[in-house]
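Peer 1: Sequence and predicted structure are below.
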Amino acid sequence: MSPLIKPWHRISVDWKLISLRYFNPVGAHPSGIIGEDPSGIPNNLMPYISQVAVGRREFLSVFGSDYDTVDGTGVRDYIHIIDLAIGHLRALEKISNPSFSGFKAYNLGTGRGYSVLEVVKAFTKASGKKIEYKLVDRRPGDIATCFSDASLAKKELNWVAEKDIEEMCRDTWNWQSNNPNGFS
Ligand SMILES: O=c1ccn([C@@H]2O[C@H](COP(=O)(O)OP(=O)(O)O[C@H]3O[C@H](CO)[C@H](O)[C@H](O)[C@H]3O)[C@@H](O)[C@H]2O)c(=O)[nH]1
């Protein structure tokens, strides 16, 4: 074996890397003790909706209502943080297996997209609160639709997301209603 090939050969045996591609993590720990408390004005949809529901913000600005989607609003693949945590445990099991080497990337998502207005509807149901919203211009840089193909994670990590949008909204609301001002 030439000296040039040797180092690469060694790398292919010893080197292991797993990359997990998160889609849109939301939700909170079901205990209601751990949740998302962004500092300042939330950039992301779920914490913004949650702060409207709890009375910290007046209304949600829905960024764009003319996308080519089910109702014109942006579609994303929301995933409960508990499912995401379990995905990490499965990846750790995989990378600890002596038979695994090299690099793999796995999508962690539900494979199903929800529009902004569908999330608003699900959150209204989970919280019993009216979520005021206004349709405004698109946010620069946003795309219409983004959802995962998580079939490789199912096949190789034995992982699938199990929690649905109702549970994501319920756990988010459970935390937010117990912590109306966040952790402060
Ligand atoms: O106040 C808001 C916030 C968001 N949205 C909409 O809600 C959807 C989800 O928006 P998020 O900001 O929650 O999530 P994104 O998928 O747009 O953004 C996420 O994915 C991006 C890459 O695709 C970046 O990684 C970014 O940091 C990360 O938050 C989008 O259609 C967005 O336009 C609103 O209508 N109003």
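Peer 2: Received the coordinates, thanks. Numbering: from 1, shown residues only.
Peer 1: tell me the mean pLDDT for stretch 159-175?
Peer 2: Average pLDDT, stretch 159-175: 98.
Peer 1: Show me the longest helix that occurs in this structure.
Peer 2: If you go by DSSP state H, the chain has its longest helix at helix 81-96.
Peer 1: For whatever residue of the chain ends up closest to the ligand, give its distance to residue 15.
Peer 2: Distances between the chain and the ligand by C-beta to the nearest ligand atom are smallest at residue 74, namely 2.2 Å. Quick note: C-beta positions are derived from backbone N, CA and C, even for glycine. Going from residue 74 to residue 15 by C-beta to C-beta, to the nearest Å gives 38 Å.
Peer 1: who's more crowded, those two?
Peer 2: residue 74 (24 against 11; other C-beta atoms under 10 Å).
Peer 1: Help me confirm that the more buried one comes into contact with residue 68.
Peer 2: No. Between residue 74 and residue 68 there is no contact under C-beta atoms under 8 Å: 10.7 Å.
Peer 1: which residues are in contact with the longest helix of the chain?
Peer 2: Contacts with helix 81-96, where a contact means C-beta atoms under 8 Å, 6 or more residues apart in numbering, come from 16, 18, 20, 22, 25-30, 100, 104, 106, 108, 110, 153, 156-159, 161-163.
Peer 1: Quick check on the residues you listed: which are buried?
Peer 2: 18, 20, 25-28, 104, 106, 108, 110, 153, 157, 159, 161, 163 (16 or more other C-beta atoms under 10 Å).
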